[in-house]
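Asks: One predicted model, sequence on top.
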Amino acid sequence: MTIRIDRLITAGTFSLDGGTWDVENNVWIVGDDSEAIVIDAAHDAAAIGTALGGRTLRAIVCTHAHNDHIDAAPALADATGAPVLLHPDDLPLWRQTHPDRAPDGELADGQVLTVGGTALTVLHTPGHAPGAVCLYAPALATVFSGDTLFQGGPGATGRSFSHFPTIVGSIRDRLLTLPPETVVRTGHGDPTTIGDEAPHLAEWIRRGH
């Protein structure tokens, strides 16, 4: 069966360090006609469940644990029986949103998740958050970047648990080494490509010093 990528946009709020902002998030659903994984269960478990269209949900993968990327994860897990997977370095952030419910499993650098016969490799890309990860699917010429890389630059690093030189290093060493035609499917906003973002690296490095 043919693998496909569906994008659902959900709306809610992002809260950290005493502030709250309205946001729209990309929820990525990767799978075939029978099974799928969800990347970042944001805001609306019911809408995500509807978008699955009856497919078996194999995993709920969290690119990081800011509340706007994980707030619907427990409800979606309860509704589907799918495990919530998170890199352990982001547990302090997770507990701010879900103090009484732990993730079901850990993500590790180099780990391979398979859905619909397609492999997605976990890339640990700290900086926006300590446990931030991206998922690289070479067969789909796609990397799901969470909030690590956007159209026009790195994710935000002005709040707790973030570090600008670290995110620049993650992008340089883990993402810009991917083929330039790789589509970057981001946590918010429109996709870009590795080739479009690579020329800006020197500028980002200067900003980091």
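Replies: Nice, I can see it. The structure displayed is predicted, hence computed values, not measured ones.
Asks: L140: neighbouring residues, count only.
Replies: 18 (other CB atoms under 10 Å). (C-beta placed from N, C-alpha, C; glycine too.)
Asks: quick one: contacts for it?
Replies: I3, I5, V30, T118 (CB atoms under 8 Å, 6 or more residues apart in numbering).
Asks: Would you state the helices of this protein in chain order?
Replies: Counting by DSSP state H, the chain has helices at residues 45-52, 67-70, 73-80, 91-97, 164-170, 194-197, 201-208.
Asks: Can you tell me which of those helices is most buried?
Replies: helix 67-70 (a mean of 25; mean count of other CB atoms under 10 Å).
Asks: packing partners for that one?
Replies: Judged by 3 or more CB pairs under 8 Å, 6 or more residues apart in numbering; DSSP states H and E, the packing partners of helix 67-70 are strand 4-16, strand 19-31, helix 91-97.
Asks: need the ones you listed in CSV with mean pLDDT and distance to F161, can you?
Replies: Converted to CSV, the helices and strands packed on helix 67-70 look like this (pLDDT from 0 to 100; distance: least, CB to CB, whole Å):
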stretch, mean pLDDT, distance to F161
strand 4-16, 98, 8
strand 19-31, 98, 14
helix 91-97, 98, 6
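Asks: Redo the ones you listed as CSV? Include distance to P179.
Replies: Compiled in CSV, the helices and strands packed on helix 67-70 are given as follows (distance: least, CB to CB, whole Å):
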stretch, distance to P179
strand 4-16, 17
strand 19-31, 19
helix 91-97, 31
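Asks: Tell me which of those lies nearest to L52.
Replies: Nearest to L52, of all the helices and strands packed on helix 67-70, is strand 19-31, at 6.6 Å by CB to CB.
Asks: Can you list the strands that that closest one pairs with?
Replies: Its sheet considered, strand 19-31 pairs with strand 4-16 (antiparallel), strand 35-39 (antiparallel) by DSSP bridges.
Asks: what's the pLDDT at the closest residue to T193 other than its chain neighbours?
Replies: Excluding the flanking residues, the one nearest T193 by CB to CB, 6 or more residues apart in numbering is V183, at 5.7 Å. As predicted, V183 sits at a pLDDT of 98.
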